[in-house]
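In: My questions concern the predicted model and sequence given below.
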Amino acid sequence: MKLIVANWKMNHGFTEIMAWLQTYLEAVTNNVEALEDKRVVLCPPSHVIEYIDSELVASAMSYFEEEFKKEGREMSELTQEELQEMIMSTRALSLGAQDCHYRDEGAYTGDISAKMLAEVGCEFVIIGHSERRTYHGESDKMIAQKAKMALNNGILPVICIGEPKEAREQNKHFNFITNQLSASIPKDVDFFNLIIAYEPIWSIGTGKIPTTDQLQEVTKIIEDFVAKNLDGRVENLYILYGGSINSQNSQQLINTKGISGLLVGKASLDAEEFCKIAGLK
């Protein structure tokens, strides 16, 4: 199962969202088989998560009403629990957030907690994105705390790591990545699914992507770290790649050995482009 995560960052209002969802849902309807081997996650700004969730539910309800009508059945035959389970298990888009706080509540103006995100339908949250580390001064320790808080609230954290240009050029990326993994992953948690997103800072927004050899080197670093330090604590390991992804390079990247999916930034803002990346067009 491949994981495709769209990170809208601080972009898109309600008008753009409606158009984006229409394009995406039409693509899914025309090529539903494309989602059999992948899961697509949308991480929009937090204030629109509940709105998008309601739009997805409404779309699913309309679809099932049509299907039931064809079979001569009524939706009223289902209990509320059965209907909710059906919608969640077949929805074309899972929802995530771009960050959460390391505490459930408190005097933290402008922040949002994992508990709050869970209440509006979030299943995933991006933790430790390079922009959060750079612009908000987030430490590895804080990122580990946030990841643990997400897990405590039933949300899967997507833990981001990645070296700057200087570390890569000085051949210090091995130690840099290993140190990030050691400090950013909670040490007292068992993971059914551990999701690590590798985002080399030198690639983000530059148009440059790692070579296949460079990617495989990093996936081996991550796999070896997990095997050595988290043995018995990780059921499934997902390694995503993020940085300058587009529809021209996405298939090469996602088919690289060791890569389990993609964390898509700028290209996810264009629904047509994102659908191509997700294999829907």
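Out: Arrived safely, thanks for sending.
In: quick one: the helices in the protein?
Out: Using DSSP state H, the helices of the chain run over 14-30, 49-70, 80-90, 114-119, 130-135, 140-152, 165-169, 173-184, 212-229, 250-254, 271-277.
In: tell me what the last one is packed against?
Out: Using 3 or more CB pairs under 8 Å, 6 or more residues apart in numbering; DSSP states H and E as the contact test, the elements touching helix 271-277 are helix 14-30, strand 261-264. Using the backbone N, CA and C atoms, a C-beta is placed for each residue, glycine as well.
In: what pLDDT, on average, does stretch 9-19 get?
Out: For stretch 9-19, the mean per-residue pLDDT is 96.
In: Can you point out the buried residues in that stretch?
Out: 9, 12, 17 (16 or more other CB atoms under 10 Å).
In: Looking at the residues you listed, which is nearest residue 177?
Out: residue 9 (23.1 Å; CB to CB).
In: If you rank every helix and strand of the protein by mean pLDDT, what lands last?
Out: Ranking every helix and strand in the chain by mean pLDDT, DSSP states H and E puts helix 80-90 at the bottom, with a mean of 74.
In: That helix to helix 49-70, inter-axis angle?
Out: Counting by axes from the mean of the first three to the mean of the last three CA atoms, to 10 degrees, helix 80-90 lies at 100 degrees to helix 49-70.
In: now helix 80-90: how far from the chain's centre is it?
Out: 22 Å (CA atoms, centre = their mean, to the nearest Å).
In: Not counting sequence-adjacent ones, nearest residue to residue 182?
Out: residue 229 (7.0 Å; CB to CB, 6 or more residues apart in numbering).
In: is it true that the one you found touches residue 186?
Out: No - between residue 229 and residue 186 there is no contact under CB atoms under 8 Å: 12.0 Å.
In: coming back round to it: give me the pLDDT value at the residue nearest to residue 182.
Out: Taking residue 229 on its own, its pLDDT is 95.
In: cool, and the one 5 residues further on?
Out: In the predicted model, residue 234 carries a pLDDT score of 95.
In: Can you tell me how far it is from residue 62?
Out: 39 Å (CB to CB, to the nearest Å).
In: When the two are compared, which one has more neighbours?
Out: Per other CB atoms under 10 Å, whichever of residue 234 and residue 62 has more neighbours is residue 234, with 17 against 10.
In: who's in contact with that one?
Out: With contact taken as CB atoms under 8 Å, 6 or more residues apart in numbering, residue 234 is in contact with 190, 191, 194, 226.
In: Look up the closest residue to the third one, ignoring the ones flanking it.
Out: Spatially, and ignoring its direct neighbours in sequence, residue 194 is nearest to residue 234 (4.7 Å; CB to CB, 6+ apart).
In: tell me which residues form a beta bridge with the one you found?
Out: residue 191 (DSSP bridges).
In: List the contacts of residue 104.
Out: Per CB under 8 Å, 6+ apart, neighbours of residue 104: 113, 114, 115, 149, 153.
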